[in-house]
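Peer 1: pasting the sequence and the predicted coordinates here, then a few questions.
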Amino acid sequence: MGAEIDGVDNTTSEEMVSWAGTPTQLARVRIETSELTAEAAVPASQTHRLLTTVLDTLVVLGAVLGPALTLQVVPATFPAGATAGTIAGQLAMLALVARSVHRQGKPGPPTD
């Protein structure tokens, strides 16, 4: 899986070149896998919102798929407490990553 993020750079030109080679002022995100290709383009001023939406989507997918995949690969003889701890750890890491990224995007001091 590859991810490519293009944003407005600090060059003197206000125009960007799209993947097709034509000038644009859009920020683009493209995610490609062997089965799926997804691309989104938004005005450069909305890049933060686009990336936040991508992050939120990945967190939701991780919260659903992480525990499901863990339950599939854990042998039946594995202690239930260790399995629950592994799943709790996965969910806690996802929550910490999402919280830290959301906090970085807000101006001002932290509310904690």
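Peer 2: Happy to help now that I have it.
Peer 1: for the rest of this, base every contact and every neighbour count on C-alpha atoms.
Peer 2: Fine.
Peer 1: for the longest helix along the chain, which positions count as buried?
Peer 2: Longest helix of the chain, by residue count under DSSP state H: helix 47-73. Judged by neighbour count using 16 or more other Cα atoms under 10 Å, the buried positions of helix 47-73 are 47, 50, 55, 59, 62, 63, 66, 67.
Peer 1: equivalent analysis for stretch 83-99, please.
Peer 2: Those would be 83, 86, 87, 90, 91, 94, 98, for stretch 83-99 by 16+ other Cα under 10 Å.
Peer 1: about what we covered before: in a markdown table, list the buried residues of helix 47-73 along with distance to residue 79.
Peer 2: Output for these, formatted as a markdown table (distance: Cα to Cα, whole Å):
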| residue | distance to residue 79 |
| --- | --- |
| 47 | 45 |
| 50 | 41 |
| 55 | 32 |
| 59 | 27 |
| 62 | 23 |
| 63 | 22 |
| 66 | 18 |
| 67 | 15 |
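Peer 1: do a quick rundown of the helices in this structure.
Peer 2: Using DSSP H, helices in the chain cover 47-73, 80-104.
Peer 1: any chance of CSV for these, columns distance to residue 40?
Peer 2: Below are the helices of the chain laid out as CSV (distance: least, Cα to Cα, whole Å):
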stretch, distance to residue 40
helix 47-73, 8
helix 80-104, 20
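Peer 1: can you redo those as CSV with distance to residue 26 and mean pLDDT?
Peer 2: As requested, these are exported to CSV (distance: least, Cα to Cα, whole Å; pLDDT from 0 to 100):
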stretch, distance to residue 26, mean pLDDT
helix 47-73, 9, 88
helix 80-104, 22, 88
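Peer 1: could you list every residue that touches the residue lying farthest from the centre of the chain?
Peer 2: Most distant from the centre of the chain: residue 77, at 34.3 Å, with distances by Cα atoms, centre = their mean. Applying Cα atoms under 8 Å, 6 or more residues apart in numbering to residue 77 gives no contacts.
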